[in-house]
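[1] Make a model of this:
(one chain, ligands or ions: 2)
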Amino acid sequence: MKLYGLILIIVSFSMVSNLVWNYAIHMKELLQMIHKMVLEILGLEDHYNSHMESIDYSMRFTKYYNDISETGTKVVMPSHKDPNYISIIGQHNIGGLEIETSNGEWISTTPIKNSFTVLLGEAFMAWTNKIFQAPCHRVKIDGSEERYSIVFSTIPSFTNDVINPPKELVDEEHPLLFKSFKYYDYMKERNIKILCNSIAVDLSGLDLTCLHDKTWAVARANIAHALKKFGGFEAVYDQIGPELRGGLLGQAIPELFEVPDIEKLINPSQVPYHGFFFQKKGFPFLSLKMFELSSKNNVQDFSNMIWPQGNIFFR
Ligand SMILES: O=C(O)CCC(=O)C(=O)O
Ligand SMILES: [Fe+2]
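    Numbers count the residues shown, from 1 in each chain. Ligands and ions are numbered 1, 2, ... in the order given. Below you'll find the model as predicted:
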(Lines give C-alpha, C1' and ligand atoms only; values in the text may rest on other atoms or scores of the structure.)
(Ligands and ions follow the chains in the order given, each with its own letter.)
Protein backbone atom coordinates (compact mmCIF):
# COMPACT_ATOMS: atom_id res chain seq x y z
CA MET A 1 0.00 0.00 0.00
CA LYS A 2 2.83 2.36 1.02
CA LEU A 3 4.80 1.45 -2.06
CA TYR A 4 1.73 2.00 -4.18
CA GLY A 5 1.36 5.49 -2.67
CA LEU A 6 5.02 6.28 -3.32
CA ILE A 7 4.76 5.18 -6.93
CA LEU A 8 1.70 7.34 -7.36
CA ILE A 9 3.56 10.34 -5.97
CA ILE A 10 6.56 9.75 -8.23
CA VAL A 11 4.31 9.33 -11.25
CA SER A 12 2.40 12.49 -10.46
CA PHE A 13 5.61 14.52 -9.87
CA SER A 14 7.05 13.54 -13.19
CA MET A 15 3.69 14.19 -14.83
CA VAL A 16 3.79 17.77 -13.60
CA SER A 17 7.30 18.26 -14.91
CA ASN A 18 6.06 16.83 -18.21
CA LEU A 19 3.08 19.15 -18.14
CA VAL A 20 5.37 22.18 -17.93
CA TRP A 21 7.67 20.83 -20.60
CA ASN A 22 4.86 19.70 -22.94
CA TYR A 23 3.14 23.03 -22.62
CA ALA A 24 6.44 24.75 -23.42
CA ILE A 25 7.04 22.58 -26.50
CA HIS A 26 3.64 23.37 -27.99
CA MET A 27 3.83 27.05 -27.10
CA LYS A 28 7.27 27.35 -28.70
CA GLU A 29 5.95 25.76 -31.87
CA LEU A 30 2.90 28.04 -31.90
CA LEU A 31 5.10 31.11 -31.39
CA GLN A 32 7.48 30.02 -34.14
CA MET A 33 4.53 29.76 -36.53
CA ILE A 34 3.19 33.14 -35.50
CA HIS A 35 6.61 34.80 -35.86
CA LYS A 36 6.99 33.14 -39.26
CA MET A 37 3.59 34.37 -40.45
CA VAL A 38 4.22 37.86 -39.14
CA LEU A 39 7.56 38.03 -40.99
CA GLU A 40 5.79 36.84 -44.14
CA ILE A 41 3.16 39.55 -43.66
CA LEU A 42 5.98 42.10 -43.44
CA GLY A 43 7.75 40.65 -46.48
CA LEU A 44 10.70 39.74 -44.26
CA GLU A 45 10.67 35.96 -44.51
CA ASP A 46 14.43 35.99 -45.22
CA HIS A 47 14.98 37.29 -41.69
CA TYR A 48 13.29 34.31 -40.03
CA ASN A 49 16.42 32.42 -38.99
CA SER A 50 18.37 35.41 -37.71
CA HIS A 51 15.26 36.75 -36.01
CA MET A 52 14.58 33.47 -34.21
CA GLU A 53 18.24 33.21 -33.19
CA SER A 54 17.90 36.49 -31.33
CA ILE A 55 14.87 35.23 -29.40
CA ASP A 56 14.42 33.40 -26.11
CA TYR A 57 11.29 32.13 -24.45
CA SER A 58 9.88 32.68 -20.99
CA MET A 59 6.95 31.21 -19.17
CA ARG A 60 5.23 33.04 -16.35
CA PHE A 61 2.72 31.60 -13.93
CA THR A 62 0.56 34.08 -12.05
CA LYS A 63 -1.80 33.66 -9.17
CA TYR A 64 -4.41 36.37 -8.53
CA TYR A 65 -5.58 36.21 -4.93
CA ASN A 66 -9.24 36.40 -4.10
CA ASP A 67 -10.43 39.01 -1.68
CA ILE A 68 -13.63 37.99 0.01
CA SER A 69 -13.85 41.29 1.90
CA GLU A 70 -14.58 43.17 -1.31
CA THR A 71 -17.46 42.53 -3.62
CA GLY A 72 -17.84 43.51 -7.26
CA THR A 73 -15.33 43.31 -10.07
CA LYS A 74 -12.06 45.12 -9.79
CA VAL A 75 -8.84 45.52 -11.72
CA VAL A 76 -6.27 43.09 -10.31
CA MET A 77 -3.59 43.76 -12.90
CA PRO A 78 -3.44 47.35 -14.06
CA SER A 79 -3.60 48.31 -17.69
CA HIS A 80 -0.22 47.93 -19.35
CA LYS A 81 1.56 46.99 -22.55
CA ASP A 82 3.81 43.97 -22.49
CA PRO A 83 7.45 44.92 -23.07
CA ASN A 84 8.57 41.85 -25.02
CA TYR A 85 7.98 40.53 -28.55
CA ILE A 86 4.88 38.32 -28.53
CA SER A 87 2.97 36.82 -25.57
CA ILE A 88 0.44 34.03 -25.52
CA ILE A 89 -1.86 34.05 -22.53
CA GLY A 90 -3.55 30.89 -21.28
CA GLN A 91 -6.46 31.49 -18.94
CA HIS A 92 -8.32 28.59 -17.44
CA ASN A 93 -11.81 28.50 -15.96
CA ILE A 94 -11.89 32.13 -15.02
CA GLY A 95 -11.56 34.77 -17.74
CA GLY A 96 -10.90 38.41 -16.93
CA LEU A 97 -8.29 39.50 -19.46
CA GLU A 98 -9.42 42.66 -21.22
CA ILE A 99 -7.88 44.46 -24.19
CA GLU A 100 -8.25 48.12 -25.10
CA THR A 101 -9.19 48.79 -28.71
CA SER A 102 -7.90 51.79 -30.63
CA ASN A 103 -11.07 53.76 -29.82
CA GLY A 104 -10.61 53.29 -26.08
CA GLU A 105 -13.17 50.55 -25.60
CA TRP A 106 -12.31 47.58 -23.36
CA ILE A 107 -13.20 44.19 -24.75
CA SER A 108 -12.99 41.04 -22.72
CA THR A 109 -11.42 37.84 -23.96
CA THR A 110 -13.33 34.65 -23.32
CA PRO A 111 -11.18 31.62 -22.80
CA ILE A 112 -12.90 29.41 -25.34
CA LYS A 113 -11.90 25.78 -25.58
CA ASN A 114 -8.39 25.40 -26.99
CA SER A 115 -7.85 29.09 -27.58
CA PHE A 116 -5.18 31.40 -26.28
CA THR A 117 -4.85 35.16 -26.47
CA VAL A 118 -1.91 36.45 -28.51
CA LEU A 119 -0.63 39.97 -27.83
CA LEU A 120 2.20 41.97 -29.33
CA GLY A 121 4.57 43.75 -26.98
CA GLU A 122 6.53 46.99 -27.19
CA ALA A 123 9.79 45.43 -28.38
CA PHE A 124 7.96 43.97 -31.33
CA MET A 125 6.19 47.24 -32.00
CA ALA A 126 9.60 48.97 -32.10
CA TRP A 127 11.12 46.20 -34.23
CA THR A 128 8.34 46.63 -36.83
CA ASN A 129 8.86 50.42 -36.79
CA LYS A 130 5.30 50.66 -35.46
CA ILE A 131 3.62 48.88 -38.35
CA PHE A 132 2.04 46.89 -35.53
CA GLN A 133 0.87 48.30 -32.22
CA ALA A 134 1.19 46.77 -28.76
CA PRO A 135 -2.26 46.80 -27.15
CA CYS A 136 -3.00 47.88 -23.59
CA HIS A 137 -4.56 45.13 -21.54
CA ARG A 138 -5.56 44.49 -17.93
CA VAL A 139 -7.08 41.80 -15.74
CA LYS A 140 -10.40 42.40 -14.06
CA ILE A 141 -12.12 39.81 -11.89
CA ASP A 142 -14.80 39.70 -9.24
CA GLY A 143 -12.44 38.32 -6.63
CA SER A 144 -14.68 35.48 -5.49
CA GLU A 145 -12.22 32.90 -6.74
CA GLU A 146 -8.49 32.67 -7.22
CA ARG A 147 -7.39 32.97 -10.82
CA TYR A 148 -4.30 31.48 -12.45
CA SER A 149 -2.78 32.24 -15.82
CA ILE A 150 0.25 31.37 -17.91
CA VAL A 151 1.95 33.97 -20.07
CA PHE A 152 4.30 32.32 -22.55
CA SER A 153 6.45 34.86 -24.37
CA THR A 154 9.17 35.47 -26.87
CA ILE A 155 11.76 37.84 -25.44
CA PRO A 156 15.02 39.25 -26.82
CA SER A 157 17.88 36.97 -25.87
CA PHE A 158 19.92 38.27 -22.93
CA THR A 159 23.13 38.38 -24.95
CA ASN A 160 21.66 39.84 -28.13
CA ASP A 161 19.06 42.35 -27.04
CA VAL A 162 19.51 45.39 -29.27
CA ILE A 163 16.16 46.28 -30.84
CA ASN A 164 16.61 47.75 -34.26
CA PRO A 165 14.04 47.51 -37.07
CA PRO A 166 15.22 45.76 -40.24
CA LYS A 167 16.30 48.30 -42.88
CA GLU A 168 13.49 47.13 -45.20
CA LEU A 169 10.96 48.75 -42.85
CA VAL A 170 12.59 52.17 -42.81
CA ASP A 171 12.54 54.62 -45.73
CA GLU A 172 11.62 58.22 -46.48
CA GLU A 173 7.94 57.51 -46.16
CA HIS A 174 8.47 55.44 -43.01
CA PRO A 175 11.16 57.17 -40.96
CA LEU A 176 12.68 55.37 -38.01
CA LEU A 177 10.30 55.89 -35.07
CA PHE A 178 12.39 54.46 -32.22
CA LYS A 179 16.09 54.88 -31.62
CA SER A 180 17.77 51.52 -31.31
CA PHE A 181 17.77 50.40 -27.66
CA LYS A 182 18.91 47.52 -25.48
CA TYR A 183 15.88 45.61 -24.25
CA TYR A 184 17.23 44.69 -20.81
CA ASP A 185 18.36 48.27 -20.14
CA TYR A 186 14.88 49.38 -21.06
CA MET A 187 13.37 46.72 -18.77
CA LYS A 188 15.36 48.09 -15.81
CA GLU A 189 14.21 51.63 -16.37
CA ARG A 190 10.75 51.10 -17.63
CA ASN A 191 7.89 52.34 -15.55
CA ILE A 192 4.91 50.12 -15.92
CA LYS A 193 2.43 52.60 -17.22
CA ILE A 194 -0.89 52.58 -15.56
CA LEU A 195 -1.95 52.27 -18.46
CA CYS A 196 -8.89 40.23 -27.55
CA ASN A 197 -11.81 38.36 -27.87
CA SER A 198 -10.41 40.25 -30.83
CA ILE A 199 -10.34 37.90 -33.73
CA ALA A 200 -10.04 34.14 -33.57
CA VAL A 201 -7.47 32.55 -35.86
CA ASP A 202 -7.42 28.79 -36.21
CA LEU A 203 -3.87 27.42 -36.07
CA SER A 204 -4.89 23.88 -35.13
CA GLY A 205 -3.26 21.21 -37.23
CA LEU A 206 -0.65 23.62 -38.57
CA ASP A 207 3.08 23.40 -38.04
CA LEU A 208 6.18 24.83 -39.70
CA THR A 209 6.03 22.22 -42.45
CA CYS A 210 2.72 23.66 -43.73
CA LEU A 211 4.19 26.88 -45.16
CA HIS A 212 2.77 26.28 -48.62
CA ASP A 213 -0.67 25.05 -47.58
CA LYS A 214 -3.79 27.05 -48.20
CA THR A 215 -4.67 26.89 -44.48
CA TRP A 216 -1.36 28.64 -43.68
CA ALA A 217 -2.20 31.49 -46.08
CA VAL A 218 -5.72 31.81 -44.65
CA ALA A 219 -4.43 31.95 -41.06
CA ARG A 220 -1.74 34.45 -42.05
CA ALA A 221 -4.29 36.74 -43.73
CA ASN A 222 -6.43 36.66 -40.56
CA ILE A 223 -3.40 37.44 -38.40
CA ALA A 224 -2.44 40.39 -40.64
CA HIS A 225 -5.94 41.82 -40.29
CA ALA A 226 -6.09 41.26 -36.50
CA LEU A 227 -2.64 42.71 -35.80
CA LYS A 228 -3.42 45.89 -37.70
CA LYS A 229 -6.70 46.28 -35.89
CA PHE A 230 -5.88 45.11 -32.35
CA GLY A 231 -2.21 44.20 -32.04
CA GLY A 232 -3.41 40.76 -30.99
CA PHE A 233 -5.77 37.89 -31.67
CA GLU A 234 -7.20 34.73 -30.19
CA ALA A 235 -5.23 31.67 -31.35
CA VAL A 236 -7.23 28.47 -31.54
CA TYR A 237 -4.67 25.71 -31.10
CA ASP A 238 -5.87 22.28 -30.13
CA GLN A 239 -2.41 20.73 -29.82
CA ILE A 240 -2.74 21.87 -26.20
CA GLY A 241 -5.79 19.93 -25.08
CA PRO A 242 -7.87 20.19 -21.93
CA GLU A 243 -5.73 17.66 -20.02
CA LEU A 244 -2.53 19.63 -20.43
CA ARG A 245 -4.14 22.98 -19.87
CA GLY A 246 -6.27 21.77 -16.94
CA GLY A 247 -3.38 19.81 -15.43
CA LEU A 248 -1.17 22.88 -15.37
CA LEU A 249 -3.60 25.69 -14.69
CA GLY A 250 -6.09 23.71 -12.65
CA GLN A 251 -3.71 21.70 -10.51
CA ALA A 252 0.06 22.07 -10.82
CA ILE A 253 0.22 25.87 -10.69
CA PRO A 254 -2.29 26.24 -7.83
CA GLU A 255 -0.17 23.72 -5.89
CA LEU A 256 3.01 25.58 -6.71
CA PHE A 257 1.58 28.71 -5.09
CA GLU A 258 0.70 26.71 -1.97
CA VAL A 259 4.40 26.55 -1.03
CA PRO A 260 4.54 28.32 2.38
CA ASP A 261 5.87 31.88 2.28
CA ILE A 262 6.51 31.62 -1.40
CA GLU A 263 6.45 35.40 -1.79
CA LYS A 264 9.37 35.75 0.63
CA LEU A 265 11.68 33.87 -1.68
CA ILE A 266 14.41 36.11 -2.97
CA ASN A 267 14.37 36.77 -6.67
CA PRO A 268 17.02 34.31 -7.82
CA SER A 269 17.73 35.90 -11.17
CA GLN A 270 19.89 38.75 -12.43
CA VAL A 271 17.52 39.22 -15.34
CA PRO A 272 14.92 41.91 -14.62
CA TYR A 273 11.46 40.51 -13.99
CA HIS A 274 12.57 36.92 -13.80
CA GLY A 275 12.00 34.72 -10.79
CA PHE A 276 9.32 35.86 -8.37
CA PHE A 277 7.83 39.29 -8.45
CA PHE A 278 4.86 41.39 -7.67
CA GLN A 279 4.23 43.50 -10.72
CA LYS A 280 2.85 46.38 -8.77
CA LYS A 281 2.38 47.02 -5.09
CA GLY A 282 -1.25 47.07 -4.14
CA PHE A 283 -2.37 44.59 -6.76
CA PRO A 284 -3.15 41.15 -5.46
CA PHE A 285 -1.04 38.88 -7.58
CA LEU A 286 2.26 37.07 -7.52
CA SER A 287 4.14 35.84 -10.59
CA LEU A 288 6.88 33.33 -11.20
CA LYS A 289 8.74 33.60 -14.47
CA MET A 290 10.76 30.70 -15.86
CA PHE A 291 13.25 31.18 -18.64
CA GLU A 292 15.91 29.17 -20.47
CA LEU A 293 13.23 26.84 -21.71
CA SER A 294 15.40 25.26 -24.39
CA SER A 295 15.74 21.91 -22.61
CA LYS A 296 13.83 19.84 -20.12
CA ASN A 297 16.88 19.89 -17.82
CA ASN A 298 16.71 23.67 -17.63
CA VAL A 299 13.13 23.46 -16.42
CA GLN A 300 14.31 21.09 -13.69
CA ASP A 301 17.37 23.25 -12.87
CA PHE A 302 15.21 26.31 -12.51
CA SER A 303 13.03 24.68 -9.88
CA ASN A 304 16.14 23.41 -8.06
CA MET A 305 17.53 26.93 -8.00
CA ILE A 306 14.42 28.23 -6.28
CA TRP A 307 14.01 25.28 -3.96
CA PRO A 308 17.48 23.88 -3.17
CA GLN A 309 15.83 21.26 -0.96
CA GLY A 310 13.69 20.22 -3.88
CA ASN A 311 10.15 20.95 -4.78
CA ILE A 312 7.66 18.19 -5.19
CA PHE A 313 5.65 19.85 -7.89
CA PHE A 314 8.34 20.05 -10.53
CA ARG A 315 10.02 16.72 -9.93
O1 LIG B 1 -3.22 36.97 -16.39
C2 LIG B 1 -3.50 37.39 -17.52
O3 LIG B 1 -4.50 36.99 -18.14
C4 LIG B 1 -2.65 38.40 -18.24
C5 LIG B 1 -1.51 38.89 -17.45
C6 LIG B 1 -0.69 39.92 -18.15
O7 LIG B 1 -1.14 40.71 -18.92
C8 LIG B 1 0.75 39.95 -17.87
O9 LIG B 1 1.17 39.20 -16.99
O10 LIG B 1 1.48 40.72 -18.52
FE1 LIG C 1 0.48 41.72 -19.94
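
[2] And the strands in the stretch 101-250 of the chain, which stretches?
    106-108, 115-120, 137-141, 147-156, 162-163, 181-182, 200-202, 232-236 (DSSP state E, counting those that start in this stretch).

[3] for those strands, which one sits closest to ligand 1?
    Among these, strand 147-156 comes nearest to ligand 1, with 3.3 Å by C-beta to the nearest ligand atom. In short, each C-beta sits where N, CA and C put it, glycine included.

[4] winner for burial among the strands of the stretch 101-250 of the chain?
    Each of the strands of the stretch 101-250 of the chain was scored by mean neighbour count; the highest is strand 115-120, a mean of 26, by mean count of other C-beta atoms under 10 Å.

[5] Show me what that strand pairs with in its sheet, parallel or antiparallel.
    strand 86-91 (antiparallel), strand 232-236 (antiparallel) (DSSP bridges).

[6] Return the member of the ones you listed having the minimum mean pLDDT.
    Mean pLDDT is lowest for strand 232-236 among these, at a mean of 85.

[7] which element is residue 33 on?
    helix 2-41 (DSSP states H and E).

[8] What's the mean pLDDT across that helix?
    If you average the pLDDT over helix 2-41, you get 74.

[9] Which other helices and strands does the helix or strand just after it contact?
    As assigned by DSSP H and E, the chain's next helix or strand after helix 2-41 is helix 48-53. Contacts defined by 3 or more C-beta pairs under 8 Å, 6 or more residues apart in numbering; DSSP states H and E place helix 48-53 against helix 2-41.

[10] Now render the strands paired with strand 115-120 as JSON lines, adding distance to residue 35.
    Below are the strands paired with strand 115-120 laid out as JSON lines (distance: least, C-beta to C-beta, whole Å):
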{"stretch": "strand 86-91", "distance to residue 35": "7"}
{"stretch": "strand 232-236", "distance to residue 35": "13"}
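
[11] quick one: which of those is nearest residue 185?
    strand 86-91 (20.5 Å; C-beta to C-beta).

[12] Quick check: next helix or strand after the closest one?
    Using DSSP H and E, the first helix or strand after strand 86-91 is strand 97-100.

[13] So what touches that next one?
    79, 89, 91, 106-109, 117, 119, 135-140, 149, 196-198, 230, 232 (C-beta atoms under 8 Å, 6 or more residues apart in numbering).

[14] so what strands line up beside that strand?
    Strand 97-100 has these strand partners (DSSP bridges): strand 106-108 (antiparallel), strand 137-141 (antiparallel).

[15] Contacts (any at all) between ligand 1 and the first one?
    Meaning strand 106-108. No - using C-beta under 6 Å from any ligand atom, strand 106-108 stays clear of ligand 1, coming no nearer than 10.7 Å.
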